[in-house]
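1. 3D, please:
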Amino acid sequence: MGLTEAKVTIHGPKGQDVITLLVDTGSLHSWIDENLLAKLGVDAKYTMSFRTIAGSKVERKVGHADIEMIGIKLPCVVVFAQKGDVNVLGATTLENLGLEVDPTTKVIKRSEALAAY
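-> Okay, here's the model as predicted:
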């Protein structure tokens with residue numbers, strides 16, 4: 001299995017920036033460098049606790065930023081990543097945008113699994 005990366009545009013009140021994130025469907029939220037979020041004017045709304053892959057507990061600020069991929073732009077929860085944290089595109093961001101990772105090609109595409117009743 002290889003790693004999948006995604007180019008996304010992060011929008012905030014003070015501007016936008018295009019960045020590349022590691023896709024981690026095992027991470028609930030997207031983790032974005034706190035300095036970039038501050039530069040874009042994204043405010044932290046609250047603090048959450050997270051369990052790292054190594055089993056330790058960390059607390060991080062959390063807020064909302066518009067994330068854009070494949071022509072879709074919606075507000076998503078973002079974790080303010082600190083030095084040493086990996087910047088990732090998490091599962092809820094993919095789901096919010098109606099996107100999925102094709103397990104064969106590792107390409108992010110519009111989800112075909114969304115039910116329409």
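
2. in the strand ranked longest in the chain, what's buried?
-> Using DSSP state E to assign secondary structure, the strand with the most residues in the chain is strand 57-69. Of the residues in strand 57-69, Arg60, Lys61, Val62, Gly63, Ala65, Asp66, Ile67, Glu68, Met69 count as buried by neighbour count, 16 or more other CB atoms under 10 Å. No exception for glycine: its C-beta is placed from N, CA and C like everyone else's.

3. In CSV: those residues, plus distance to Ser111 and pLDDT.
-> Below are the buried residues of strand 57-69 laid out as CSV (distance: CB to CB, whole Å; pLDDT from 0 to 100):
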residue, distance to Ser111, pLDDT
Arg60, 27, 98
Lys61, 29, 98
Val62, 24, 98
Gly63, 25, 97
Ala65, 21, 97
Asp66, 19, 97
Ile67, 15, 98
Glu68, 16, 97
Met69, 12, 96
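
4. list the contacts for the residue nearest to the spatial centre of the chain?
-> Nearest to the geometric centre of the chain sits Ser30, at 2.6 Å (CA atoms, centre = their mean). Ser30 sits next to Leu21, Ile67, Cys76, Val77, Val78, Val79, Val88, Leu89, Gly90, Thr92, Thr93 when contact means CB atoms under 8 Å, 6 or more residues apart in numbering.

5. Most neighbours among these, which one?
-> Using other CB atoms under 10 Å as the neighbour criterion, Leu89 leads those with 31 neighbours.

6. can you give me phi and psi for the closest residue to Asp102 other than its chain neighbours?
-> Leaving out its chain neighbours, the residue that sits closest to Asp102 by CB to CB, 6 or more residues apart in numbering is Lys109, at 5.7 Å. Dihedral angles of Lys109 (phi, psi; degrees, to the nearest 10) stand at phi -140, psi 170.
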